[in-house]
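[1] For reference, the sequence and a predicted model appear below.
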Amino acid sequence: MSTGTVPKPIAGASGFLDDRLGAGNFLKRNLRKVFPDHWSFLLGEIALYSFIILLLTGTFLTFFFKPSMAHVVYDGSYEPLRDVTMSEAYASSLHISFDVRGGLLMRQMHHWAALLFVAGMMVHALRVFFTGAYRKPRELNWLIGVLLLTLALAEGLTGYSLPDDLLSGAGLRITEGVAISLPLVGTWITFFLFGGEYPGEDVISRFYSLHILLIPGILLALISAHMVLMWVQKHTQMPGKGRTNENVVGAPFYPAFMAKAGAYFMFTFGVIALLGTFAQINPIWLFGPYTPADISAGSQPDFYMGFLEGALRLMPSWEINFLGFTLPMSVLIPALVPMGIIMTGLALYPFLEQWVTGDRSEHHVADRPRNNPHRTSIGISAITFYGVLWLLGANDEISSVFHVSLNWTTYIGRGLIFLGPLVAYIVTYRICLGLQRSDAAVIGHGVESGVIKRLPHGEYIEVHVPAEASIEAHMRGKTAVPMIAGTDTDKDGIPPKGMRGPLGRLRAKMSKAYGGEKIPLDDGHGHGDEHDEHAQVGPGGDDRSLTH
Ligand code: HEM
Ligand code: HEM
């Protein structure tokens, strides 16, 4: 949607392009495109800008990093490791850290940007999830997002394996353990990845190709597709005054949004530069080179790998021996199940929700999380599941800092992994309903004005006034969660098509539950409604009904 007259700079630029490419109208239309405004829409931008910084700092690192496992004797300026034999990869990472001007800053900025990239992406995905912004027509962009998240984890893993110090070696060792545990293809994959027996001489150069070429290339292509789709489909907007499924209320891309985005990029850059300057990250020189025989104490992966590490630590040591083959469930289950549950669950969610609700309409106004309590509870349950695994990834630290036995952290973790999501679901559900009731109370009774009034019979009440129009419009932007129509049986007792058989019955039940809770906004049964303190009285003292 475009607004107002075309500003001079756009007219100039579009005239120039029109004369040469005939693309003036395209530019005019798109530069005036309206973007809605909400703080949570900035989360995706954090991921975007961190990615740009990763490309810039990563390119700098490639000038000096040597992806080779050939042995060299270190003769750089870091005294404690002088004359130690190590791989060229490790020696070059030390060289970057101590002898290349600005090298350590670039390494640290690269690492911090990687953390911010994944963290930004995660909270962005949560924002999209909790507001239901993945619904039609944005399912494709959601799927691209899930792919981006998976690739980012692979990019991080290949990245922090590159320096070939003791810490990255510990990560590689786990990667090898997981790969070799795969039934049938495990040994082959491991030999392919490591170029023979672990650790071999090839893995760093292979990870290097993946890390600087293949994965960033795919990431770049997918991020571009993600942005184009977002542009074409338009952004969702939060409910509010005048906002409907048919319009977009906000500021035009040029100049308002562009200025904001530019400033926000600078801000992200500044934060990463400050972190890179002042907060040490991955001090590879502390632990020395990787040798398979050494075990590093206190080694922790980057935060985004913590959940897989936790899953490994949580799992009992089960294995199945069959016809001379061993299936190490203690590695296989933690490697495949959490990743499988979380990523597959994420990818399928929009389609499952569509199947359950039967809702095939387009949604351009986002939901407030409280207004879809089941979705919100499922999301918080998933976060709890992930969080327990993540915490368990650091159970050695928890054990030593809090002086509890390591075994107990594991036992408690094993209980929490089942119990935690359940409790989280119930609590979140109640909180959502409570928040809906409080909205209903505001709409039904207005907000406290601070004015105390004495009634003729002596009672004191606080006068309530209508909430600000914009707040009320925000609260009223609530659409009921649909249910499949006709879940009931017909006169012969036969359920409608698509609802027959065990799966159909399950679908009908889920549909009823998912769309079932209804707290009307004007139900007037907000908190403490029976008391007069909620009397609907205007500021002037007249009795005034606020029911709309
Ligand atoms: C074109 C893009 C990229 C290039 C050219 C690049 C290049 C590099 C190079 C050469 C290193 C080894 C340097 C060293 O460790 O001293 C490295 C390390 C690393 N990369 Fe990247 N990278 C890119 C993108 C990414 C992305 C998207 C991520 C994040 C998910 C990432 C995460 C990491 C991590 C965690 C390290 C370890 C840093 C450290 O040693 O502390 N990289 N990268
Ligand atoms: C490299 C990582 C990513 C980047 C750079 C990125 C960037 C963005 C940006 C800038 C927007 C528009 C502003 C906003 O809504 O925040 C957006 C929208 C969107 N993103 Fe992402 N995103 C990434 C990953 C993801 C992931 C992991 C998911 C989901 C699993 C996802 C799903 C979506 C969806 C569905 C929209 C449209 C939302 C709407 O219109 O309200 N994105 N993305």
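    Nice, thanks for sending it over. Ligands and ions are numbered 1, 2, ... in the order given.
[2] Quick check: phi and psi on residue 364?
    Summarising the backbone geometry of residue 364 under the convention degrees, to the nearest 10, its torsions are phi -120, psi -10.
[3] Look up how far ligand 2 lies from the closest residue to ligand 1 within the stretch 401-548 of the chain.
    Scanning the stretch 401-548 of the chain for the residue nearest ligand 1 gives residue 401, at 24.2 Å (criterion: C-beta to the nearest ligand atom). (Glycine included, C-beta is placed from N, CA and C.) In this structure, residue 401 lies at 32 Å from ligand 2, with C-beta to the nearest ligand atom, to the nearest Å as the measure.
[4] Can you give the distance of the helix or strand hosting that residue from its chain's centre?
    Secondary-structure element containing residue 401, defined by DSSP states H and E: helix 395-402. Averaging C-alpha positions (C-alpha atoms, centre = their mean, to the nearest Å) puts helix 395-402 27 Å from its chain's average.
[5] Name the surrounding residues that touch it.
    Judged by C-beta atoms under 8 Å, 6 or more residues apart in numbering, the contacts made with helix 395-402 from elsewhere in the structure are 298, 300, 310, 313, 391, 404, 405, 406, 409, 410, 413.
[6] quick one: which two of these are the most distant?
    For the contacts of helix 395-402, with distances taken as C-beta to C-beta, the pair at the greatest spread is 300 and 405 (19.9 Å).
[7] Which of the two has more residues huddled nearby?
    Under the criterion of other C-beta atoms under 10 Å, the comparison of residue 300 against residue 405 puts residue 300 first, with 16 against 9.
[8] element containing the closest residue to residue 519 other than its chain neighbours?
    Closest residue to residue 519 in three dimensions, ignoring its sequence neighbours and counting by C-beta to C-beta, 6 or more residues apart in numbering: residue 436, at 4.4 Å. For residue 436, the host element (DSSP H and E) is helix 406-445.
[9] between that helix and helix 395-402, how many degrees?
    Relative orientation of helix 406-445 versus helix 395-402 (axes from the mean of the first three to the mean of the last three C-alpha atoms, to 10 degrees): 90 degrees.
[10] Strand partners (parallel or antiparallel) of the very next helix or strand once past helix 406-445?
    Downstream of helix 406-445, the first helix or strand assigned by DSSP H and E is strand 447-454. Here the strand partners of strand 447-454, with direction, are listed using DSSP bridges: strand 460-465 (antiparallel).
[11] The strand it pairs with: how far from the chain's middle?
    Offset of strand 460-465 from its chain centre (C-alpha atoms, centre = their mean): 43 Å.
[12] Which of the residues in that strand are classified as buried?
    By neighbour count on 16 or more other C-beta atoms under 10 Å, the buried set for strand 460-465 is 461, 463, 464, 465.
[13] Let's have the residues you listed in a markdown table, adding distance to residue 69.
    Listed next are these as a markdown table, based on distance: C-beta to C-beta, whole Å:
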| residue | distance to residue 69 |
| --- | --- |
| 461 | 79 |
| 463 | 77 |
| 464 | 73 |
| 465 | 73 |
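[14] ok, residue 401 to residue 264 distance?
    From residue 401 across to residue 264, the span is 36 Å (C-beta to C-beta, to the nearest Å).
[15] Can you pick out the residue with more neighbours from the two?
    Applying other C-beta under 10 Å to residue 401 and residue 264 shows that residue 264 carries more neighbours, namely 15 against 9.
[16] interface residues of the stretch 201-350 of the chain facing ligand 1?
    Within reach of ligand 1 by C-beta under 6 Å from any ligand atom, the stretch 201-350 of the chain has these residues: 211, 212, 216, 282.
[17] Contact partners for the second one?
    Which is residue 212. Neighbour list for residue 212: 58, 62 [criterion: C-beta under 8 Å, 6+ apart].
[18] Surely it is within a helix?
    Yes - the assignment for residue 212 is a helix, going by DSSP: H, G, I helix; E, B strand; the rest coil.
[19] Would you check how far apart it and residue 399 are?
    Looking at residue 212 against residue 399, where the rule is C-beta to C-beta, the gap reads 38 Å.
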